[in-house]
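Q: return atomic coordinates for the entry below.
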Amino acid sequence: MDDHRNSSSKKGIGLCLLPQELIQSIFLSLVLPEIMRLKILNKSFSRMISDDAFVRQCNHLSTSTTWLFVYKKRWLRDAVLHAFADRSSDRWFRVPILRAGEDLYFLAASNNVFLFASNTVREVFAVNLVAVTVKRLPPSPLGPRGTSSWRRSGMKLLADPSGSGRFRFMFAEIVRARPVLFVYESHSDTWKSAEAQEISFSPRGVGEGHVFLNVAHGPRESVLVAASECSTPVVLRPRFDDGGGNLRVAFSWGSVIDRLHVYGDGYMMIVKSEGEGPRRVLKGVELWGLGLEGRKWEFVSAVPGVIEKPYAAMMGCLEKKNGVVRAALVSNCDGVWDMAWLSFDTKWNHWTWMPLPDCKMKGWNMAGISFSSGLTLP
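A: Down below sits the predicted model:
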């Protein structure tokens, strides 16, 4: 350990002899966790990284970097948040959690803000990883909720991209047989709720600028809430007519169903498989999206080629941002975890499939997964 420290110290001293502009250019090729580590390592590095011009350049580059965050834990013991960036395709980063001793479930992430639900006190906490702060959210109008109530795809965290730390947290729920939208605003520390309205006309105005929250999925029909800041939330009921299987939720045990459906941001990814018994083989992936009128799911594209991947259980998450649909598929086979990152560019009609390196999941349980972008320096 001492030899490693001495080696790092010597490299740091050697790097400090280079011109500041060159050093900052090297730092800009790194991702934020690496930059933060350098800031702690050396006072000269800290001054360079704190320079206003460098912060602006770094934060500008950060807006185009997408992260996948995976929260894993052992029962009432250790918990670890791992981060993987599309700019760093060979390693996971370990992110420190401020309340690691509690029984937490990772809900969502946006910019520097991360939401966790606590089973211990049945509350939601907002953690700002860069500012190193923790904020307790007041109970929603539905009252205190355990983590099992939060494990749904019908929620969205929207943080202020300026880095102010402000955010909105939205989720949709069926209340007395009606879809209801709940919105928390951090600047006022209050919740608002509104019943989503059924509409008799074709909702052509629903699209860009709206957030799509999945509420329920029947055998042939989904229920979504489309929300925006300036209008009343509306109910969408797209039907699924492909002549195949029914709609499912975003989790699959191999012996139960042959399709996994992952929802998010008005899209649905269908993961098809074959096999009998507890082990199955992934055969193909399709992407479907809301039709223009919001009344049906329409086929968008399929991953080209034949996919042969065995699994026993699988789950996933999905988001669309800047014209790219991203999905993470997490599978387990004989106790071995496997992760893949899929991206579909809607403009160029192009798929990318990226297997992810092992993040030491064996012996741990999955306690939340989410995409995010826009990590910024303060």
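Q: is the nearest residue to Y311 once chain neighbours are set aside bridged to anything, and to what?
A: In this structure, Y311 finds its nearest non-sequential neighbour in S331, 3.8 Å apart by C-beta to C-beta, 6 or more residues apart in numbering. Glycine gets a C-beta too; all of them are placed from N, C-alpha and C. With DSSP bridges applied, S331 shows beta-bridge pairing to M314, D338.
Q: is it true that S331 touches I307?
A: No: S331 is beyond contact range of I307, at 11.6 Å (criterion: C-beta atoms under 8 Å).
Q: who has more neighbours out of these two?
A: S331 (23 against 16; other C-beta atoms under 10 Å).
Q: who's in contact with that one?
A: 282, 309, 311-314, 337-339 (C-beta atoms under 8 Å, 6 or more residues apart in numbering).
Q: could you redo the last one with a cut-off of 6 Å?
A: 311, 314, 338 (C-beta atoms under 6 Å, 6 or more residues apart in numbering).
Q: looking at those residues, which is nearest V235?
A: Closest approach between those and V235, by C-beta to C-beta: M314, at 29.5 Å.
Q: the closest one: neighbour count?
A: Counted by other C-beta under 10 Å, the residues lying close to M314 total 23.
Q: outline the domain layout of the protein.
A: 2-60, 63-373 (automatic domain parsing).
Q: quickly, which of those bottoms out on average pLDDT?
A: Among the domains of the chain, domain 2-60 carries the lowest mean pLDDT, a mean of 74.
Q: that domain: how far from the chain's middle?
A: Offset of domain 2-60 from its chain centre (C-alpha atoms, centre = their mean, to the nearest Å): 28 Å.
Q: what's the most buried one of the domains of the chain?
A: The highest mean neighbour count among the domains of the chain, using mean count of other C-beta atoms under 10 Å, belongs to domain 63-373: a mean of 17.
Q: which residues are in contact with stretch 112-126?
A: Outside stretch 112-126, the residues within contact range by C-beta under 6 Å, 6+ apart are 102-108, 127-130, 134-137, 144, 146-147, 150, 157, 159, 167.
Q: one more time with 7 Å
A: For stretch 112-126, contacts defined as C-beta atoms under 7 Å, 6 or more residues apart in numbering pick out 99, 102-108, 127-131, 134-137, 144-147, 150, 157, 159, 163, 165, 167, 169, 375-376.
Q: give me the subset of those residues lying in helices.
A: The helices, defined by DSSP state H, take in 147, 150 from the contacts of stretch 112-126.
Q: narrow the contacts of stretch 112-126 to those in strands?
A: In strands, defined here by DSSP state E, the members of the contacts of stretch 112-126 are 104-108, 127-128, 134-136, 157, 159, 167, 169.
Q: tell me which other helices or strands the helix or strand containing W351 touches.
A: Applying DSSP states H and E as the criterion places W351 in strand 350-355. Identification of packing neighbours for strand 350-355 by 3 or more C-beta pairs under 7 Å, 6 or more residues apart in numbering; DSSP states H and E yields strand 336-345.
Q: ends of stretch 272-282, how far apart?
A: In stretch 272-282, first residue to last residue: 6 Å (C-alpha to C-alpha, to the nearest Å).
Q: returning to that earlier point: between the ones in strands among the contacts of stretch 112-126, which sits nearest F27?
A: N128 (22.3 Å).
Q: quick one, phi psi at the closest residue in space to the closest one that isn't next to it in sequence?
A: Leaving aside its chain neighbours, N128 sits nearest to N112 (5.2 Å; criterion: C-beta to C-beta, 6+ apart). The phi/psi pair for N112 (degrees, to the nearest 10) reads phi -90, psi 0.
Q: from E21, how far out is N112?
A: Separation of N112 from E21 (C-beta to C-beta, to the nearest Å) stands at 27 Å.
Q: quick one: what helix or strand has L260 in it?
A: Per DSSP H and E, L260 falls inside strand 259-264.
Q: which one of the contacts of S331 is nearest K362?
A: D338 (11.2 Å).
Q: how far away is that closest one from E34?
A: Applying C-beta to C-beta, the value for D338 to E34 is 26 Å.
Q: what's the answer for W351, then?
A: With the distance defined as C-beta to C-beta, W351 ends up 29 Å from E34.
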